[in-house]
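**Q** next comes the sequence, and after it the predicted model I'd like to discuss.
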Amino acid sequence: MGPGSYNAESGARFDSGAPESTSSLPARWLCSREVQDRMKKIAIIAFLLVACVAAGRAQESRQDISISGTGLIEPFKASTTNVQVSSNRAFGALLSYRFMLTPTSALEANYQMTYANKIHYWANPNNYTVNTRTHEISAAYVRSFVYKNFNPFVEAGPGAFIFLPIRNSGTTSLDVKQQTQIGAIYGGGIAYEISPSFDIRAEYRGWITKVPTFGLDQLATKRWYNISNPVVGVAYHF
């Protein structure tokens, strides 16, 4: 009689001792599934590590760009050549780019343009007026100090200042020419961080440059300007 056969006479079932079939999965398949589970866990951990590193680098912004409104206040100047110079205020815009060398130091590039202002020359006994648009192209080293969300900073560097005469009815009939002066900028201000990507900046900047003559000897003062340049703007970090 075969395994599990039935004896019709005695009514008893005989068990031959052979193992019954089981629904358990093969050991090799179980091992394969464990390996797959481990690999999934490793993949998830690796993904989380990469995401954390990416997030950390995103928070460590090393560049920013800012746009600001500006004022230009040129002081009264008198000279030994009997030429006196005064000016009304000018307003304009400043575009700046900073690259962080360290968390507290940076290099900065600037471009600024002001709307027209009038520079008045008094050369006894004559009066002259030149309507002018002024451009700044400069670079600076910036040193910052971090106090929570407040970041005071100072800066200084070389600059080129382009005095561009506007030939209109506001300019006295003179053969004035565009003039570029080489000088320097300096300044100090404070940045307030409103989010990891944005801050608000307020700064006093100064221009040091020669008083322009627009190519005319009769307008020469042989003096230097210290032009005040207040700035307020917003910066984006990336």
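**A** Right, received. Where do you want to start? Predicted model, so just to flag it, every value in this text is computed and none were measured.

**Q** CA only for contacts and neighbour counts going forward, please
**A** Will do.

**Q** residue boundaries of the strands in this protein?
**A** Here the chain has its strands, by DSSP state E, at 63-72, 77-78, 83-87, 90-102, 105-114, 117-123, 126-144, 150-165, 179-193, 198-210, 224-237.

**Q** nearest to residue 44, out of the ones you listed?
**A** Proximity to residue 44 (CA to CA) singles out strand 224-237 among those, at 30.4 Å.

**Q** so for this protein, the centremost residue is which one?
**A** Residue closest to the average C-alpha location in the chain (CA atoms, centre = their mean): residue 64, at 1.3 Å.

**Q** let's see the pLDDT reported for that one.
**A** Confidence at residue 64, expressed as pLDDT, is 96.

**Q** with the one 5 residues further on instead?
**A** Here the pLDDT value assigned to residue 69 is 98.

**Q** ok, now residue 16?
**A** So, for residue 16, pLDDT stands at 49.

**Q** what's the answer for residue 45, then?
**A** The model reports residue 45 with a pLDDT of 76.

**Q** quick one: residues contacting it.
**A** Residue 45 is in contact with no residue at all, counting by CA atoms under 8 Å, 6 or more residues apart in numbering.

**Q** hmm, back to that, including distance to residue 217, could the strands of the chain go into TSV?
**A** Shown next, in TSV, are these (distance: least, CA to CA, whole Å):
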stretch	distance to residue 217
strand 63-72	25
strand 77-78	15
strand 83-87	11
strand 90-102	25
strand 105-114	25
strand 117-123	11
strand 126-144	13
strand 150-165	16
strand 179-193	13
strand 198-210	14
strand 224-237	16
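
**Q** okay, now the residue nearest to the residue nearest to the centre of the chain when sequence neighbours are not counted: neighbour count?
**A** Spatial nearest neighbour of residue 64, chain neighbours left out: residue 237 (4.2 Å); criterion: CA to CA, 6 or more residues apart in numbering. The local packing of residue 237 (other CA atoms under 10 Å) involves 19 other residues.
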